[in-house]
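S.K.: Here's my sequence, what's the structure:
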Amino acid sequence: QVQLVESGGGLVQAGGSLRLSCAASGRTFSFSVMGWFRQAPGKEREFVAMIIGSGRTTTYVDSVKGRFTISRDNAKNTVYLQMNSLKPEDTAVYYCAAGPRYATTQASYSTWGQGTQVTVSS
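M.R.: Take a look at the predicted model:
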């Protein structure tokens with residue numbers, strides 16, 4: 001069973017950058033698909049990015065392509081989300097999640113972190 005703890009959120013001006021980290025415990029981390037999701041105030045939680053166990057394949061929602069990069073370090077049991085050129089509409093609570101299937105749906109992920117707040121000011 002994987003447990004997840006996010007960190008790295010905060011307040012940043014538009015155009016700035018943040019790097020989120022998600023530290024995982026559990027021996028099955030390297031086999032898990034890892035995803036990042038976000039939930040803005042008054043909106044449903046949405047898919048942001050995902051990465052397979054080897055790190056060789058990634059997928060992004062269109063709104064963050066070219067600005068966000070997901071990566072993982074299996075030796076450190078950690079997945080990252082590098083966020084550049086941030087926009088006010090990126091403001092949300094960001095969650096990392098682990099699951100067995102490479103899919104963008106929330107139901108495909110069995111383990112979730114507690115979330116970290118990202119606020120982008122204009």
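S.K.: and the residue most central in space within the chain, what pLDDT?
M.R.: By CA atoms, centre = their mean, the chain has its centre lying nearest to Trp36, at 2.5 Å. Looking at Trp36, its pLDDT is 98.
S.K.: just how off-centre is the strand or helix carrying Tyr94 within its chain?
M.R.: Per DSSP states H and E, Tyr94 falls inside strand 92-99. Taking CA atoms, centre = their mean, to the nearest Å, one finds strand 92-99 lying 5 Å from the centre of the chain it belongs to.
S.K.: got the contact list for that strand?
M.R.: With contact meaning CB atoms under 8 Å, 6 or more residues apart in numbering, strand 92-99 is reached by 2, 4, 6, 9, 20, 22, 24, 29, 32-41, 43, 45, 48, 79, 81, 106, 108-118. All C-beta spots, glycine's among them, are computed from the backbone N, C-alpha and C.
S.K.: low-scoring pLDDT stretches of this protein, where are they?
M.R.: Along the chain, no part satisfies pLDDT under 70.
S.K.: All the strands of it, residue numbers only.
M.R.: When secondary structure is read from DSSP state E, the chain shows strands at 3-7, 10-13, 18-25, 33-39, 46-51, 58-60, 68-73, 78-83, 92-99, 111-112, 116-121.
S.K.: what lines up beside the shortest one in the sheet?
M.R.: Put plainly, it is strand 111-112. Paired neighbours of strand 111-112 in the sheet (DSSP bridges): strand 92-99 (antiparallel).
S.K.: Identify the residue spatially nearest to Gln1, adjacent ones excluded.
M.R.: Nearest non-adjacent residue to Gln1, counting by CB to CB, 6 or more residues apart in numbering: Gly26, 5.8 Å away.
S.K.: and if you look at Tyr94?
M.R.: Spatial nearest neighbour of Tyr94, chain neighbours left out: Arg38 (4.8 Å); criterion: CB to CB, 6+ apart.
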